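> after the sequence you'll find the predicted model.
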Amino acid sequence: MTTTDGTFGTPAFRSLGRTGPETFPLGLGAMGMSALYGPADRDESLATVHAARAAGITLIDTGDFYGMGDNELLLHDALRGTDRDRYQLSVKFGAQRSPDGAFIGFDGSPAAVQTSLAYSLRRLGVDHIDIYRPARLDPGVPIEETVGAIAEMVRAGYVRHIGLSEVGADTLRRAAAVHPISDLQIEYSLISRGIEDAILPAARELGIGITAYGVLSRGLISGHWTRDSAGAGDFRSHSPRFQGDNLDHNLALVDTLRAIAERKGVTVAQLAIAWVAAQGPDIVPLVGARRRDRLAESLGSLAVTLSADDLAEIDKAVPAGAAAGDRYDAGQMAHLDSEK
């Protein structure tokens, strides 16, 4: 709830599964500060990380391939001098890139685990990673081998917890049989609800938390997106949900959400983030804010209470499967274990 000066009281922390750390109920996804969404303002990115920490956010998510290492270097500078015990770093690894920036494969081998981790520790300027996870499932390496290699790094003290990203229910079970898994990072939003059928029930059965990325579907359901929003270098200009008739259909869904949000006196983004958080205390939404004003708006979702009637109204307005277009192009979708 808000205090009289407009700031937020201390919200209840959430646990990342049975074995993971407790975190602030929102996490900060830093990808857009260095990659894929077009040019970013480094000074504003640094200020946004500082503002997130000042607001109480503890969980910060990155990947060693975001900006080909630049994102980790950015966080090194942003977190310099911060008590290491007061924040958690979630780091993804495994995506392989060429000098021109193209994605050329994935490596989840034990050697890649150690090499990638060594470089991440150096770039981030820390002695351990709180949650280390392969960004995707390597089809050529059994998940048991990848998780086993990270488990060795846990025993060596370089990693605190093991997470996964974009894997299916069977892979979750196989991984958890090797070592406790703290959380699954996966896309989850009002228009990306594929995890509800099998993956979310499996995670709950295994005591694995969910860190939900794409809670605003990369800005599509933020209430701010228009046909002219994607600039040069923004991968969304080629994403199926942002194309042609698909975009018209999806923005019409946003208009239905806007009507509900206005009746509640909140923004569309706040409503959408609050919906994800309301799906269970084992879910921590990651917000990909690149600017302080967007961060402040996202933090406002913590003051949004959704009743059973509200949730029913939202579900009627945007039912599961309502979105037009896949969340990635066909080539990337084929690499998602979570979609098989």
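Looks like it arrived, so ask away. Numbers count the residues shown, from 1 in each chain.
> wait, Asp77 touches Asp43, no?
No - Asp77 is beyond contact range of Asp43, at 10.6 Å (criterion: Cβ atoms under 8 Å). All C-beta spots, glycine's among them, are computed from the backbone N, C-alpha and C.
> quick one, which of those two is more surrounded?
Legend: neighbour count by other Cβ atoms under 10 Å for Asp77 and Asp43, higher for Asp77 (12 against 8).
> residues in contact with that one?
Contacts for Asp77 (Cβ atoms under 8 Å, 6 or more residues apart in numbering) come out as Leu46.
> now the host helix or strand of it: buried residues?
Per DSSP states H and E: Asp77 is located in helix 70-78. For helix 70-78, burial by neighbour count (16 or more other Cβ atoms under 10 Å) applies to 70-72, 74-75, 78.
> and those residues, which two are furthest apart?
Greatest spatial distance among the buried residues of helix 70-78 (Cβ to Cβ): Asp70 and Ala78, at 12.2 Å.
> please enumerate the helices of the stretch 201-340 of the chain.
244-264, 268-277, 292-299, 308-317, 330-333 (DSSP state H, counting those that start in this stretch).
> angle of the first one against helix 268-277?
With axes from the mean of the first three to the mean of the last three Cα atoms, to 10 degrees as the criterion, the two stretches helix 244-264 and helix 268-277 enclose an angle of 90 degrees.
> what would helix 244-264 look like as CSV? C-alpha coordinates only.
Output in CSV follows, covering the C-alpha atoms of helix 244-264 (Å, rounded to 0.1, in the frame of the first residue of the first chain):
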residue,chain,number,x,y,z
GLY,A,244,-0.1,-6.3,-39.3
ASP,A,245,-3.5,-7.7,-38.4
ASN,A,246,-2.0,-9.5,-35.4
LEU,A,247,-1.1,-6.1,-34.0
ASP,A,248,-4.5,-4.6,-34.6
HIS,A,249,-6.1,-7.6,-32.9
ASN,A,250,-3.8,-7.4,-29.9
LEU,A,251,-4.1,-3.7,-29.4
ALA,A,252,-7.9,-4.2,-29.4
LEU,A,253,-7.4,-6.5,-26.4
VAL,A,254,-5.4,-3.7,-24.7
ASP,A,255,-8.3,-1.4,-25.2
THR,A,256,-10.6,-3.8,-23.3
LEU,A,257,-8.0,-3.9,-20.5
ARG,A,258,-7.8,-0.1,-20.5
ALA,A,259,-11.5,0.2,-19.8
ILE,A,260,-11.1,-2.1,-16.7
ALA,A,261,-7.9,-0.3,-15.6
GLU,A,262,-9.6,3.1,-15.8
ARG,A,263,-12.5,2.0,-13.7
LYS,A,264,-10.0,0.9,-11.0
